[in-house]
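Undergrad: Here's a sequence, model it:
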Amino acid sequence: VKGGGSGEQQAAKPSPATIFVSIPSYRDSESQWTVRDLFEKAAHPDRVFVGICWQTHPTEDSHCFIEPPPLPDHVRTKTINWTHATGPCYARYLAQQLYDGEEYYLSIDSHMRFVPNWDITLINLYNLCLEHSPKPIITGYPAGYELLQAPAKTTTVTATTATTTTHHNTTPAPDTSSLPLSPIDTTPSLFPPYKLVADAYPPFLCVDQFHPSDGMLRLTGKAITR
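TA: I've put the predicted structure just below:
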């Protein structure tokens, strides 16, 4: 599934109660660590499938593919030359084409970190939302993380981490005992050290306005203070 070339790569068919994770990546060396972290932190990595739209330079972005994914058969890719990139919306569209009927759909950024058992936590939270809506959508602006050292050929970045508070986790987890678990590749990696941003007031995305110049909806971030 190494995305240095062109075109698509397909992976194994999903089993019941699977999660599809959609990732658009524009020349982002953090993407490889995002994929590794999401598999390593999942309670049931065998039911997680990833679709990545790589937007890369064919020779200059080799540092974006140092770390192979822990479950290669669970990663599908679509690669385009970076000069053909037209923004994150088009990249998300291309990544969405890699969806293959999984039960749950998670759309994230290319630079994320996860809490342990994030898959079970999100499913439990989804089940809680079903008490109020037949088709709930969970969304949020995750807390940030900071790299403690600059990755190769890039500068230090501030990115986001997929976190969900566990005190909401009151619904029993779905029975996944029948799902076979694939062993995670535990080969020592060069996982870049990072720390979570200590922010007591996380941001919340809100509707701002339909901009008069193009009629497009604008969003704005506000801090939650209580």
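
Undergrad: V21 versus P45, what's the distance?
TA: Distance from P45 to V21, counting by CB to CB, to the nearest Å: 11 Å. From N, CA and C alone the C-beta is placed, and that goes for glycine too.

Undergrad: what does E131 give?
TA: Distance, E131 to V21, using CB to CB: 25 Å.

Undergrad: Which one's more surrounded, those two?
TA: Neighbour count, other CB atoms under 10 Å: between E131 and V21, V21 has more, with 26 against 8.

Undergrad: elements contacting the helix or strand hosting that one?
TA: Taking DSSP states H and E as the criterion, V21 maps to strand 19-26. Secondary-structure packing of strand 19-26 (3 or more CB pairs under 8 Å, 6 or more residues apart in numbering; DSSP states H and E): helix 31-41, strand 48-56, helix 88-96, strand 104-107.

Undergrad: mind listing what the last one pairs with, with the direction of each?
TA: If I follow you right, that is strand 104-107. strand 19-26 (parallel) (DSSP bridges).

Undergrad: outside of the partner strand, which residues touch it?
TA: With contacts defined as CB atoms under 8 Å, 6 or more residues apart in numbering, strand 19-26 is touched by 14, 31, 34-35, 38, 47-56, 64, 82, 85, 88, 91-92, 94-96, 98-100, 102-110, 119, 123.

Undergrad: quick one, it and helix 88-96 angle?
TA: 140 degrees (axes from the mean of the first three to the mean of the last three CA atoms, to 10 degrees).
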